[in-house]
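>>> just to be clear, the model below is a prediction. Sequence and coordinates:
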Amino acid sequence: MSRIYKEERVGLAEFAVLVQYKDVKNLTLRLKPDGSVCLSVPAAIDKRSVKRFLEEHLPWLREKTQAMEGTPRRPPRYDMSLPFDGASLYLWGRRLPVRFIEDAGARRMQVLPDRVNLYVRRSLDGGQQAATVKDLYKRLTEQAALPLLHQWQQRMGVRCTELRLRQMKSLWGSCNVRTGAVTLNSLLACWPQPCLELIVVHELAHLLVPNHSPAFKRTLDAYLPDWKRREQLLKSFRPVF
């Protein structure tokens, strides 16, 4: 067996590759049955050559991972248009009337059981109202996600270094396994709250298993046993006006 001089993890798109510097002549990339990726390289090779080799083999790695999973690696497509029609919006799975109330004070929001009041400094046109609602969704998603991240980081033994919120067209979230940054779709505030927790756990799970292999699904089973039910809710719920 070849001697291992050094090991390090290198981020490659959605993968985290274990690079082993060994007493070998050639670079060898392997995808293990549990979905982990390992690269053996000569001990004297430079990091630039390692990075170039990995980037060149990324299509091969994705093809092999796809064959292992038995399903295409395509992001799910959802209707990501802003759930707002000028008179009502969706919040945590419920359709609520929304009122824009002119107030000389600071902009603020008031979420009541039967309606949402948005206090603005002046009258807004349709585009400005939509921008205000978009900001509302972003703030509420962030407020709800932060305690969930804190809770699940401790349970899973991982660390999220940064939380980002933005309205995405085809994804509910993403995780940069190299930096530990998690990005969530700001429209998650429209969906029932169990969906948000699902996405938080899903993205943090990528810090343990960087791909969607069977090992990743076993990780979800271990930490969130009802994740399939939540996923079905995420897919079936539609904010319809």
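It's in.
>>> how many neighbouring residues does Val19 have?
24 (other C-beta atoms under 10 Å). From N, CA and C alone the C-beta is placed, and that goes for glycine too.
>>> just to be sure, it is in a strand?
Yes - checked against DSSP: H, G, I helix; E, B strand; the rest coil, Val19 lies within a strand.
>>> beta partners of it?
Beta-bridge partners recorded for Val19 (DSSP bridges): Glu8, Leu39.
>>> so it touches Ala43, yeah?
No - applying C-beta atoms under 8 Å, one finds Val19 not in contact with Ala43, separated by 11.4 Å.
>>> how is this structure carved up into domains?
With automatic domain parsing as the criterion, the domains of the chain are listed as 4-69, 88-236.
>>> where do the strands of the protein begin and end?
Applying DSSP state E to the chain gives strands spanning 4-12, 15-22, 28-31, 37-42, 88-91, 94-102, 108-111, 116-120, 162-166, 173-176, 181-185.
>>> then stretch 209-217 to CSV, C-alphas only?
Taking Å, rounded to 0.1, in the frame of the first residue of the first chain, the C-alpha atoms of stretch 209-217 are listed here in CSV:
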residue,chain,number,x,y,z
VAL,A,209,-22.2,14.3,2.4
PRO,A,210,-21.6,16.7,-0.4
ASN,A,211,-23.6,15.0,-3.1
HIS,A,212,-27.1,13.3,-3.4
SER,A,213,-25.8,9.7,-3.0
PRO,A,214,-27.6,7.0,-1.0
ALA,A,215,-25.3,8.0,1.9
PHE,A,216,-26.8,11.5,1.7
LYS,A,217,-30.4,10.1,1.9
